[in-house]
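Colleague: What would the 3D arrangement of this be:
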Amino acid sequence: MKGSYPKNISIISIVFICLILFLAVINFYISIELRSEFINYDTDKVISIANMCTGYITRIDDPKKMWYTLKELSDAFEIDHLIMIDTLGNKIYDSRSLPFELGSDRMKVDLRKGFKKLPLAGELIQDHNDFILRNQDPPFFLYCSFFSTFLSTYDRIFKWYIFYITLSLLFIGFLGIFLIRNLFLPMRYVARLADDMGVEMKKEDFVPATFNELYKKIKMKEETLIEFSSYIAHEFRNSIAAIIGLARLVEKKKKPAADIVTECRLMENLINRLLEYAQPLKTVPVQIQVDKLISEAIERAMIPKRIKINLNVSDNAKQFTGDYDLISVALSNLLQNSVTAIASRGVIDIESQKKENYLSMTIQDSGQGMSEQTMNNIFRPFYSEAAEGMGLGLAYVKKIIEVHNGRINVESKRGKGTKFTLNFPIGE
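Modeller: Numbering: from 1, shown residues only. As a prediction, the model looks like this:
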């Protein structure tokens, strides 16, 4: 099943954000693993130096030969400063001392000045490029200060790397927001346009279905405008022809002048009704009690006694927000249509109930019903099967419902009555 446009955009947005977070986590994990490897490498190097020093101490007895051997070791591992001391603090070797200084008083050293504490047996402590290890057998302290360890080099690179990653994520984040915002622009525009024109947005196939509905709506408005112009021209032509004819008869004293006034009054009434339909509706939202609203609409419709009214208002659908007067007019117009549709005895069922986030009101009659063609055109202005009707009643009802962001639907069959359903959003 094809997904809707909003759903697809939401999925793309979520995937995009998750991908960014995934890449960030992977990069951070790799960085931590690399740092751990560099720490292990430096640690292994110090332990290797300590093992080699242990071998030299056990094999070489000559202090000077020992000094030159350890000097070569320092140069081989690029050690800036190498010190070996016994557990009493006596210096065994110092790469910055000369061979003839061995055994002098200056060979005493306290490594605790550079480190907060000395390591335990077999423990290694690091401070940037400096390491201190306590060898177990034979027992001695090994101090190594490297020119540059892999870890310190990596830490400097890692700081710039984190800075780069942060900037990249910020840039990608802003780019993602920009792209998502622009992807949502058409949807928001279509949604706003659909809401303004009273088109119900489809949950599936959002773009084609909604645009199709909008096209039909615009086409209908264009046709309505043409019909509106034609209707006005036709009615005005008839009224003017009648006035001219009456004026000639009055001139011949065959008709009283009052007949011209009567025809002008009819023309004025027509203009007022057209203006009433054409002007934009202004709503005054109030809390509406459904029981009171329906009772007043029934009273206004002046329903005859031959028609029975069945009223059913659910406990969770007894109030909503809207313009009381306008909705009362809409309900009374629908009830009057039901009365007209019932030739003799009949029933009108009125029901109100809450469905999801909207309040639904239905008016169902047992009248003669409508054909499919009539049902498709019933809300069009100037469409009326009654000879004396202007065809603005149900068009005005639809206008009232849509100005409340509601929807009106009709179901009808010949000989089986008609059902109008009004849906009002709750809390709007």
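
Colleague: Using PDB, write out the CA atom coordinates for the strand ranked longest in the chain.
Modeller: Ranked by number of residues, the top strand in the chain under DSSP state E is strand 346-355. The C-alpha coordinates for strand 346-355 follow below in PDB (Å, rounded to 0.1, in the frame of the first residue of the first chain):
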ATOM      1  CA  GLY A 346     -42.900  10.500   8.700                       C
ATOM      2  CA  VAL A 347     -40.000  10.500  11.200                       C
ATOM      3  CA  ILE A 348     -36.900  12.700  11.600                       C
ATOM      4  CA  ASP A 349     -34.100  11.200  13.700                       C
ATOM      5  CA  ILE A 350     -31.700  13.600  15.300                       C
ATOM      6  CA  GLU A 351     -28.500  12.200  16.900                       C
ATOM      7  CA  SER A 352     -25.400  13.700  18.500                       C
ATOM      8  CA  GLN A 353     -22.300  11.700  19.500                       C
ATOM      9  CA  LYS A 354     -18.600  12.100  19.900                       C
ATOM     10  CA  LYS A 355     -16.200  10.400  17.500                       C
END
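
Colleague: continuing past it, what's the next helix or strand?
Modeller: Following strand 346-355 in sequence order, the next helix or strand is strand 358-365 (DSSP states H and E).

Colleague: quick one, what contacts Ser95?
Modeller: Going by Cβ atoms under 8 Å, 6 or more residues apart in numbering, Ser95 touches 70-71, 74, 79, 81-83. No exception for glycine: its C-beta is placed from N, CA and C like everyone else's.

Colleague: no, scratch that, I was asking about Ser239
Modeller: By Cβ under 8 Å, 6+ apart, the neighbours of Ser239 are 263-264, 266-267, 270.

Colleague: Pretty sure Leu422 sits in a helix.
Modeller: No - counting by DSSP: H, G, I helix; E, B strand; the rest coil, one finds Leu422 to be strand, located in no helix.

Colleague: Which strand residues bridge it?
Modeller: Met361, Ile408 (DSSP bridges).

Colleague: does it really touch Lys398, like I thought?
Modeller: No - with contact defined as Cβ atoms under 8 Å, Leu422 does not reach Lys398; the gap is 10.0 Å.

Colleague: Please say which of these two ends up with more neighbours.
Modeller: Leu422 (23 against 20; other Cβ atoms under 10 Å).

Colleague: pLDDT (mean, whole number) over the helix or strand encompassing Tyr68?
Modeller: Per DSSP H and E: Tyr68 is located in helix 63-76. Averaging pLDDT along helix 63-76 gives 82.

Colleague: Check the offset of it from the chain's centre.
Modeller: How far helix 63-76 lies from its chain's middle: 71 Å, per Cα atoms, centre = their mean, to the nearest Å.

Colleague: What residues sit buried inside the following helix or strand past it?
Modeller: The helix or strand immediately downstream of helix 63-76 is strand 79-85, counting by DSSP H and E. Residues 79, 82-85 are the ones in strand 79-85 that count as buried (16 or more other Cβ atoms under 10 Å).

Colleague: what residues does strand 79-85 touch?
Modeller: In contact with strand 79-85 (Cβ under 8 Å, 6+ apart) are residues 49, 53, 70, 73-74, 91-96, 109, 111, 129, 140-147.

Colleague: 7 Å - rerun?
Modeller: With Cβ atoms under 7 Å, 6 or more residues apart in numbering as the test, strand 79-85 has contacts from 53, 70, 74, 91-96, 109, 111, 140-147.

Colleague: Would you mind putting the CA coordinates of the next helix or strand after that strand into PDB?
Modeller: Per DSSP H and E, strand 79-85 leads on to strand 91-94 as the next helix or strand towards the C-terminus. Taking Å, rounded to 0.1, in the frame of the first residue of the first chain, the C-alpha atoms of strand 91-94 are listed here in PDB:
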ATOM      1  CA  LYS A  91      69.800   6.500  41.300                       C
ATOM      2  CA  ILE A  92      70.900   3.500  39.300                       C
ATOM      3  CA  TYR A  93      70.900   5.300  36.000                       C
ATOM      4  CA  ASP A  94      70.100   8.800  34.700                       C
END
